[in-house]
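sequence plus the predicted model coming up.
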Amino acid sequence: MTPVATAPDMLLCVFGVILRHDAVVKSPAGAPPIITTVAEYVGQAAIRVSATQLGVTYSRADAKRIVAEWCRFFSRPSPILELHFTSRTPKRLFEALAGQPQLRRLRVKWGDYDELDALAGMVNLTDLTLGGASSVRSLDPLARLRRLERLHIESLRYVRDLSPLRHLTLVTDLEVGGDWRSPRIAHVDSIAFLADMPQLRDLVLHSMIVDSLDYAPLLQLPQLKTLRVMEGAWDEAEMGGTRRILSRSAWTP
């Protein structure tokens with residue numbers, strides 16, 4: 001980890017090797033219970049669902065039934081405000097979440113979902129984590145989630161346009177990137193959207209190459225406390241230019 005610029009109220013660093021922090025943050029009162037079947041749900045406001053990758057505990061028929069039951073359950077609003085999927089989330093299960101507009105916190109570990117339309121009606125969301133978003137091609141539906149305060153998206157592969165994020169004017173904690181496990185590097189057109197998010201306090205851009213090579217929008221974030229950037233597969237010329245931008249005295253009081 002090599003610091004490239006500092007200020008009294010900011011920690012800025014560039015990663016040569018990514019150091020991944022825990023993607024799941026426990027709720028203030030502790031982690032919600034983990035359940036597998038709809039029958040185990042007893043009206044809690046916060047749950048963690050592990051409905052797939054069940055191993056030998058359940059037959060293949062049981063596994064299909066469990067997912068189908070959750071799809072039916074999520075097709076109608078429920079008392080759930082905080083929902084975590086801790087195992088693979090099949091596309092049909094993700095799409096069923098369109099019936100949960102009351103959600104305030106949603107965290108998806110990974111899945112084969114390729115569209116985010118199911119989230120467009122979740123206007124009460126303040127916290128959203130989308131892991132394993134490698135099949136997603138557009139972030140447009142996220143532009144409607146104007147109450148979001150925390151947004152983490154990883155494993156992007158096909159999304160090149162991050163501009164829909166400019167509408168999320170309450171987000172203070174943003175993480176966007178490719179697949180840090182591979183690492184599979186994401187290519188995005190630009191990070192110009194950051195100029196419309198001066199409220200950001202924590203920003204992580206990892207496993208990502210900005211094709212425009214314009215990192216100046218990083219200098220337009222006066223509230224930043226933490227900025228982390230992963231070098232990924234950038235060549236030395238690209239990274240050298242980035243370091244020069246990030247080390248400008250514009251961040252010096």
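Arrived safely, thanks for sending.

burial check on residue 182, number of neighbours?
Residue 182 is flanked by 11 other residues according to other Cβ atoms under 10 Å. C-betas here are computed from N, CA, C, even on glycine.

spell out which helix or strand contains it, please.
Using DSSP states H and E, residue 182 sits within no helix or strand.

scan this structure for its longest helix.
Counting by DSSP state H, the longest helix found in the chain is helix 60-74.

residue 120 against residue 138, yeah?
No. Using Cβ atoms under 8 Å, residue 120 is not in contact with residue 138; the gap is 11.3 Å.

still on that earlier bit, and the longest helix of the chain, C-alpha only, in CSV?
Extracted in CSV, the C-alpha atoms of helix 60-74 (Å, rounded to 0.1, in the frame of the first residue of the first chain):
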residue,chain,number,x,y,z
ARG,A,60,-32.3,-31.5,-6.0
ALA,A,61,-36.1,-31.4,-5.9
ASP,A,62,-36.1,-29.8,-2.5
ALA,A,63,-33.5,-27.2,-3.6
LYS,A,64,-35.8,-26.2,-6.6
ARG,A,65,-38.8,-26.1,-4.3
ILE,A,66,-37.1,-23.8,-1.8
VAL,A,67,-36.2,-21.3,-4.4
ALA,A,68,-39.7,-21.4,-5.9
GLU,A,69,-41.2,-20.8,-2.5
TRP,A,70,-39.0,-17.8,-1.9
CYS,A,71,-39.9,-16.4,-5.3
ARG,A,72,-43.6,-16.6,-4.4
PHE,A,73,-42.9,-15.1,-1.0
PHE,A,74,-41.1,-12.1,-2.4
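
which elements pack onto that helix?
helix 91-96 (3 or more Cβ pairs under 8 Å, 6 or more residues apart in numbering; DSSP states H and E).

any buried residues in the helix it packs on, and which?
Of the residues in helix 91-96, 93-96 count as buried by neighbour count, 16 or more other Cβ atoms under 10 Å.

likewise stretch 100-107?
100, 102-107.

state the mean pLDDT of that stretch.
Averaging pLDDT along stretch 100-107 gives 98.

what does that stretch contact?
23-24, 46, 74, 77-78, 80-85, 97, 119, 121-129, 131 (Cβ atoms under 8 Å, 6 or more residues apart in numbering).

whichever of these end up buried, select them in ChimeraX.
Of the contacts of stretch 100-107, the buried ones can be selected in ChimeraX as follows, counting by 16+ other Cβ under 10 Å:
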select :46,74,78,80,81,82,83,84,85,97,119,121,122,125,126,127,128,129,131
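
so which of the contacts of stretch 100-107 are in strands?
46, 82-85, 127-129 (DSSP state E).

make JSON lines from these and add distance to residue 143 to it.
Formatted as JSON lines, these follow (distance: Cβ to Cβ, whole Å):
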{"residue": "46", "distance to residue 143": "26"}
{"residue": "82", "distance to residue 143": "23"}
{"residue": "83", "distance to residue 143": "21"}
{"residue": "84", "distance to residue 143": "24"}
{"residue": "85", "distance to residue 143": "23"}
{"residue": "127", "distance to residue 143": "17"}
{"residue": "128", "distance to residue 143": "13"}
{"residue": "129", "distance to residue 143": "18"}
